[in-house]
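# no FASTA, just this:
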């Protein structure tokens, strides 16, 4: 059976559009609420990235940091995150889920135990921000054995030679970081130049799905829609923060935002 | 896991930057792979380049003020009654602490790489102060990231940084101390690595930063070796080197040249920050058996919970208030080359009182931790044992804390 991540890309291609990937932090602002958010956006989003909050994140901007600290403060633990995935999969078993986080969380859980738990709860892919290629070679192989995609990150600083090697070793999906920035930075390069870089990467192996992320908002998403997939994270985390501040329901507000994002790439 | 002889410890890494295959490495976002690789190539080339070494030595001598003094603490020795207590007064260095060595080398490297901006983290404020001094000297624009809590408790150094023209950026996330300052600094580098050089303030961070810092602070033991031979005719038969350990830059630098000596002749004692006596919080991962984990790009012993969240630390000394520890020290602990222990806040304050009572030396709260253990152990040692404590920082920056905890008479205008 094909990994649900690949099926999601296939479906989006059939509809002649980019796949929409959302990122929310597990346990933000509570275990129940983050599950409710996943359920409410699963109709509009094609792939759900679920952030594993960590308290020394070296690549996240302020929005995701705020969400992560909130989730940790509210007591989220690794096992709760697997439970959220499990509960969600009871609701929508075909919707792919990717866990995204930092390697220490996996290291402490134990690589094998972590991957077994991913399998039993229904995780389809992993993004490990601070485990770059080639350091990730062994772990990526372990993921493959469990039919979990290990998603490689590619950046504007990645040299061409390195790009080729990473893509050669990569699983069917890769993630292109749009610009030099932490997550949620202001888009400091034009969508046109992002797409130019994207095309260069795509040419190396057109069969690999490449999604673009970092700094994508309601404003910019439409201009990037020719990509295989687009990730929106910080904008959603910001929506949760704002909803809480205004004592509004984050679930309905995030759901509305994701619908709007989807409408921009149709 | 084994320590090798005749190879500098900073070079005893495998191709992924690990010591003993287990500590260090490069757990960094993809964006930083290229700038780190560039820095590795540059540093690898320059540390073998005679002209670069001459340049470094010229600045160390004429600007930093090498060598710093090596003095006998006669009154303290008489008071304690046991081993001879000596001090390497590294706080003599320009700016008042050992952080100047690493800051100078990073600015020299930044200049060679054509970068116009340099950023750095700081806890006690010394790393930041020295980087701001060096940046000014070498014409680089400088930003310093510092936890909001540390800004409040180390004002003299904050003022110095601003005076040197650096922008001090307060970090409000997490515990608002050094750990968050390093994270924020790395995040800034992720977003600006095309124009900006990063200086990590201690022997922590991705592998190359550990190596650059260790290479720089090793100046301390190069000087000490010469001074010991001048004083005693040879390296003493019983030598004990005491140093506080936070990230581990001063202690590594203080020990490096003596690495190949038998530990029976030349023992290394690292003193971590045990935190307030009545608190469970501490900054002593090696002493209190913390588990191995990843912090700021490197595998190391680090204070963390069972899930892998980094735990908050507590220490009276901002410079030691860090949940992790250099991979170099993890390696030295596991190979049993160095011995590690901890002193509490109260121990450090009491040692500060003792040292200042008997000597014209005002160690900051960080080396006061080392003095605490050195004084206790010296009592039980024979007269032919040479105890040397690295007084790696000056207490001027601690004046507010000292006033609050010990009273006005312990604060001297500087």
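Great, that's in hand. In this text the structure is predicted, and so the values were computed from the model without any measurement.
# before we move on, what SS does residue A:58 have?
Three-state assignment for residue A:58 (DSSP: H, G, I helix; E, B strand; the rest coil): coil.
# Now do the same contact list for it.
With contact set as CB atoms under 8 Å, 6 or more residues apart in numbering or on different chains, residue A:58 has these partners: A:102, A:129-130, B:28-29, B:183, B:186-187, B:190, B:296-297. For every residue, glycine as well, the C-beta is placed using N, CA and C.
# from those, which is closest to residue B:1?
Relative to residue B:1, the closest of those is residue B:297; by CB to CB it sits at 20.8 Å.
# mind listing what's buried in stretch A:7-20?
Of all the residues in stretch A:7-20, those buried under the rule 16 or more other CB atoms under 10 Å in any protein chain shown are A:7-9, A:12, A:17-20.
# Kindly list the main-chain dihedrals of the residue in chain B that chain A sits nearest to?
Of all residues in chain B, residue B:308 sits closest to chain A, at 3.7 Å by CB to the nearest CB. With angles defined as degrees, to the nearest 10, residue B:308 shows backbone torsions of phi 110, psi 10.
# just residue B:322 next, same as before
Backbone geometry at residue B:322, expressed as degrees, to the nearest 10, gives phi -140, psi 130.
# And for residue B:58?
When quoted as degrees, to the nearest 10, the phi and psi of residue B:58 stand at phi -60, psi -50.
# And residue A:174, by the same measure?
Backbone geometry at residue A:174, expressed as degrees, to the nearest 10, gives phi -130, psi 160.
# same thing with residue B:244?
Recorded main-chain torsions at residue B:244 are phi -70, psi 150, according to degrees, to the nearest 10.
# ok, residue B:181 touching residue B:146?
Yes - judged on CB atoms under 8 Å, residue B:181 makes contact with residue B:146 at a distance of 5.3 Å.
# Check which helix or strand residue 240 maps to.
By default, I'm working from chain A. Residue A:240 belongs to helix A:234-245 when elements are defined using DSSP states H and E.
# try chain B instead
Secondary structure assigned from DSSP H and E places residue B:240 in strand B:239-244.
# That strand pairs with which strands, parallel or anti?
Each strand paired with strand B:239-244, and its direction, by DSSP bridges: strand B:266-275 (parallel), strand B:386-390 (parallel).
# Name the stretch among the ones you listed that sits most buried.
Using mean count of other CB atoms under 10 Å in any protein chain shown, the stretch among those with the greatest mean number of neighbours is strand B:386-390 (a mean of 27).
# What is the end-to-end distance of stretch A:9-23?
Distance between the two ends of stretch A:9-23: 17 Å, counting by CA to CA, to the nearest Å.
# Could you do stretch B:10-17 as well?
10 Å.
# go on, stretch A:201-220?
One end of stretch A:201-220 to the other measures 20 Å (CA to CA).
# for stretch B:321-328, same thing?
The stretch stretch B:321-328 measures 18 Å between its terminal residues, going by CA to CA.
# picking up where we left off before, with respect to residue B:346, which of the strands paired with strand B:239-244 lies nearest?
Proximity of the strands paired with strand B:239-244 to residue B:346 was assessed by CB to CB; the nearest stretch is strand B:266-275, lying at 9.2 Å.
# wait, does the helix or strand that the closest one is followed by make contact with chain A?
Proceeding C-terminally, strand B:266-275 gives way to strand B:292-295 as the next helix or strand, assigned by DSSP H and E. Yes - using CB under 8 Å from any CB of the partner chain, a contact is recorded between strand B:292-295 and chain A, made by B:293-295.
# Now that we have these, can you turn them into TSV and tack on neighbour count and distance to residue A:217?
Written out in TSV, the entries for the residues of strand B:292-295 next to chain A read as follows (neighbours: other CB atoms under 10 Å in any protein chain shown; distance: CB to CB, whole Å):
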residue	neighbour count	distance to residue A:217
B:293	23	34
B:294	27	31
B:295	26	32
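# just checking, residue A:203 is part of a helix?
Yes - per three-state DSSP, residue A:203 lies within a helix segment.
# Distance check, it against residue B:38.
26 Å (CB to CB, to the nearest Å).
# Pull the contacting residues for the nearest residue to residue B:177 once chain neighbours are set aside.
Counting by CB to CB, 6 or more residues apart in numbering or on different chains, residue B:177 lies nearest to residue B:147, which is 4.1 Å off, once chain neighbours are set aside. Shown in contact with residue B:147 (CB under 8 Å, 6+ apart): B:123, B:170-171, B:175-181.
# more crowded one of residue A:203 and residue B:38?
For residue A:203 versus residue B:38, neighbours defined as other CB atoms under 10 Å in any protein chain shown are more numerous around residue B:38 (14 against 8).
# I'd guessed the more buried one sits against residue B:112; true?
No - if you go by CB under 8 Å, residue B:38 and residue B:112 don't touch, sitting 11.0 Å apart.
# joint contacts of these two?
Counting by CB under 8 Å, 6+ apart, no residue touches both residue B:38 and residue B:112.
# And for the residue nearest the centre of chain A, nearest residue in space, chain neighbours not counted?
When chain A is reduced to its mean C-alpha position, the nearest residue by CA atoms, centre = their mean turns out to be residue A:49, at 3.7 Å. Once its chain neighbours are removed from consideration, residue A:49 has its nearest residue in residue A:23; the separation is 4.2 Å (CB to CB, 6+ apart).
# contacting residues around that neighbour?
Going by CB under 8 Å, 6+ apart, residue A:23 touches A:49-51, A:64, A:100, A:213, A:231-234, A:236-237.
# Please repeat the previous calculation with a cut-off of 7 Å.
Residue A:23 makes contact with A:49, A:51, A:100, A:231-233, A:236, according to CB atoms under 7 Å, 6 or more residues apart in numbering or on different chains.
# I'd like the distance between residue A:181 and residue B:132.
To residue B:132, residue A:181 is 26 Å away according to CB to CB.
# Just the buried residues of stretch B:251-263, please?
Of the residues in stretch B:251-263, B:251-259, B:261 count as buried by neighbour count, 16+ other CB under 10 Å.
# Between the two ends of that stretch, how far is it?
Where stretch B:251-263 starts and where it finishes are 15 Å apart, if you go by CA to CA.
# Just the pLDDT for the residue nearest to the spatial centre of chain B.
Per CA atoms, centre = their mean, the C-alpha nearest to the average position across chain B is that of residue B:249, at 3.0 Å. In the predicted model, residue B:249 carries a pLDDT score of 97.
# quick one: contacts for it?
Under the criterion of CB under 7 Å, 6+ apart, the neighbours of residue B:249 are B:98, B:102, B:202-203, B:213, B:217.
# contacts with chain A among those residues, please.
Residues of the contacts of residue B:249 in contact with chain A (CB under 7 Å from any CB of the partner chain): none.
# Go through the contacts of residue A:23 and name the one nearest chain B.
residue A:100 (12.1 Å).
# Would you check how far apart that closest one and residue B:197 are?
Noted for residue A:100: a distance of 29 Å to residue B:197, by CB to CB.
# returning to what we had before: helices - which of the buried residues of stretch B:251-263 land there?
Taking DSSP state H as the definition of helices, the buried residues of stretch B:251-263 contribute B:251-255.
# In a markdown table, list those residues along with distance to residue B:338.
Listed next are these as a markdown table, based on distance: CB to CB, whole Å:
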| residue | distance to residue B:338 |
| --- | --- |
| B:251 | 8 |
| B:252 | 9 |
| B:253 | 13 |
| B:254 | 11 |
| B:255 | 7 |
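# By neighbours, which of the contacts of residue B:147 wins?
So for these (other CB under 10 Å), the most neighbours sit at residue B:178, 34 neighbours.
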